[in-house]
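*Asks:* The following block contains a protein sequence and its predicted model.
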Amino acid sequence: MASNNRKLIIKRRQESFIRQGGLCFYCNKPMWEGEVESKTAAMARLGVTRTELKLLMSTAEHLLRKADGGGNCRDNIVAAHAICNHSREERTVEEHKATLWIDPPADEDPRIVEIIDRLKVVKDGSRLHTELMGKFKALRTHQLAEQIGYNLQVTL
Ligand SMILES: [Zn+2]
């Protein structure tokens with residue numbers, strides 16, 4: 001029973017993924033469907049690290065939450081990034097769309113602000129630039145993951 005339910009939800013997720021052209025229901029950015037694309041291929045396609053890829057995985061999102069009686073019918077399930085799905089909490093779909101993580105204020109983390117300031121004066125393509133970009137990505141990933149309670153074990 002539980003296993004049939006899981007299979008149905010995966011089927012619904014994949015149907016939604018195709019219907020949405022591979023884009024997240026909430027933020028409209030590309031997702032990774034783990035059942036049909038390898039991690040390596042998806043990392044190259046999306047230009048992200050293995051850690052970031054976990055956040056961009058396609059998940060089944062119940063528009064009317066299961067807790068509020070939402071079922072597994074086609075009309076109630078959309079595909080959304082893991083990070084967009086798990087950060088919804090108690091919000092309605094509309095509320096959540098309005099509070100998305102995609103453009104969080106950069107000044108939230110002073111370490112990020114410092115890196116952005118340094119990047120402005122560092123030569124593009126230099127070793128320092130690459131280093132700073134790497135650090136920036138790690139911090140951003142860590143920050144996004146924290147918002148949805150993933151424990152990434154990232155050393156900063
Ligand atoms: Zn998304």
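*Replies:* On my side now, so go ahead. Residues are numbered from 1 along each chain as shown.

*Asks:* counting contacts, what elements does the longest helix belonging to the chain pack onto?
*Replies:* Determined from DSSP state H, the single longest helix within the chain is helix 127-147. Using 3 or more Cβ pairs under 8 Å, 6 or more residues apart in numbering; DSSP states H and E, the elements in contact with helix 127-147 are helix 50-55, helix 82-86, helix 110-121. (Each C-beta comes from the backbone N, C-alpha and C, glycine too.)

*Asks:* List the buried residues of stretch 120-131.
*Replies:* Residues of stretch 120-131 classed as buried: Val122 (neighbour count, 16 or more other Cβ atoms under 10 Å).

*Asks:* Excluding its own residues, what touches it? List them.
*Replies:* Residues outside stretch 120-131 that contact it (Cβ atoms under 8 Å, 6 or more residues apart in numbering): Leu119, Leu132.

*Asks:* follow-up on the earlier one: going by mean pLDDT, which of the helices and strands packed on helix 127-147 comes out lowest?
*Replies:* Among these, helix 110-121 carries the lowest mean pLDDT, at a mean of 81.

*Asks:* buried set for that one?
*Replies:* If you call a residue buried by 16+ other Cβ under 10 Å, then helix 110-121 has these buried ones: Ile112, Ile115.

*Asks:* Check the offset of that helix from the chain's centre.
*Replies:* 24 Å (Cα atoms, centre = their mean, to the nearest Å).

*Asks:* Please apply the same query to stretch 72-86.
*Replies:* 12 Å.

*Asks:* How about it and the ion, touching?
*Replies:* Yes. For stretch 72-86, a contact with the ion is found by Cβ under 5 Å from the ion, at His81, Cys84.

*Asks:* That stretch: end-to-end distance?
*Replies:* Start and end residues of stretch 72-86 are separated by 18 Å (Cα to Cα, to the nearest Å).

*Asks:* Near the ion, which residues of this structure are found?
*Replies:* Counting by Cβ under 5 Å from the ion, the chain comes close to the ion at Cys24, Tyr26, Cys27, His81, Cys84.

*Asks:* Dump the residues you listed to a markdown table, plus neighbour count.
*Replies:* Below are the residues of the chain next to the ion laid out as a markdown table (neighbours: other Cβ atoms under 10 Å):
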| residue | neighbour count |
| --- | --- |
| Cys24 | 25 |
| Tyr26 | 22 |
| Cys27 | 18 |
| His81 | 27 |
| Cys84 | 25 |
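
*Asks:* Mind picking the lowest-pLDDT entry from the residues you listed?
*Replies:* Within the set of those, pLDDT is lowest for Cys27 (83).
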